[in-house]
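S.K.: Need coordinates for the following:
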Amino acid sequence: MGIQMMFAKNVSIAAATTPPMINMFKVYRQGIITELLNPKTALFFLSFLPQFVKTEQGSISLQMFILGSILVFTALSADLLIAVTGGTWSRRVVNQPLIQKIQNMVAGTVLIALGVQLACGDR
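M.R.: Okay, here's the model as predicted:
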């Protein structure tokens, strides 16, 4: 797979079929539901945040809410930055043949390296 990827022909993404229009409210709702039902989120909040709660400084629930809110707003700002810059960069580089070739070479090299490591590793 790695060798195939390294020598694959570049395909213009703009020439590919245009994806159908997406209802952004539906995407947002799906993301919220996914995150609420994700057990990793609950485990993170239940295992990480309590170590910063001080029982002698007032309501434990309020402290957990404040710490959770800080985490959510910090993550939101980072996610927004990634989304905006990612969208901007993708529009700029999506049809650059050199960048596609470099991306294929890097991905192919990684796949080959993983295959070699898997083949040579201890069992």
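S.K.: show me where pLDDT drops low in this protein?
M.R.: 10-19, 123 (pLDDT under 70).
S.K.: how much space is there between the residue of it most remote from its centre and Val72?
M.R.: Distance from the C-alpha centroid of the chain peaks at Glu56, with 37.9 Å (Cα atoms, centre = their mean). Distance of Glu56 to Val72, given as Cβ to Cβ, to the nearest Å: 26 Å. Bear in mind the C-beta positions are built from the backbone N, C-alpha and C, glycine included.
S.K.: Then Lys54?
M.R.: Relative to Val72, and taking Cβ to Cβ, Lys54 is found at 21 Å.
S.K.: which of these two has more neighbours?
M.R.: A count of neighbours by other Cβ atoms under 10 Å puts Val72 above the other of Lys54 and Val72, at 11 against 8.
S.K.: tell me the secondary structure for the more buried one?
M.R.: helix (DSSP: H, G, I helix; E, B strand; the rest coil).
S.K.: neighbours around Gly108, how many?
M.R.: Counted by other Cβ under 10 Å, the residues lying close to Gly108 total 18.
S.K.: Torsion angles phi and psi at the residue farthest from the centre of the chain?
M.R.: Main-chain dihedrals, Glu56, degrees, to the nearest 10: phi -80, psi 0.
S.K.: same thing with Leu37?
M.R.: phi -90, psi 0.
S.K.: cool, Asn23 as well?
M.R.: In terms of degrees, to the nearest 10, the main-chain angles of Asn23 are phi -80, psi 110.
S.K.: how far away is Lys54 from Met1?
M.R.: In terms of Cβ to Cβ, Lys54 sits 52 Å off from Met1.
S.K.: now Ser69
M.R.: 44 Å.
S.K.: Same check on Asn104?
M.R.: For Asn104, the distance to Met1 - Cβ to Cβ - is 12 Å.
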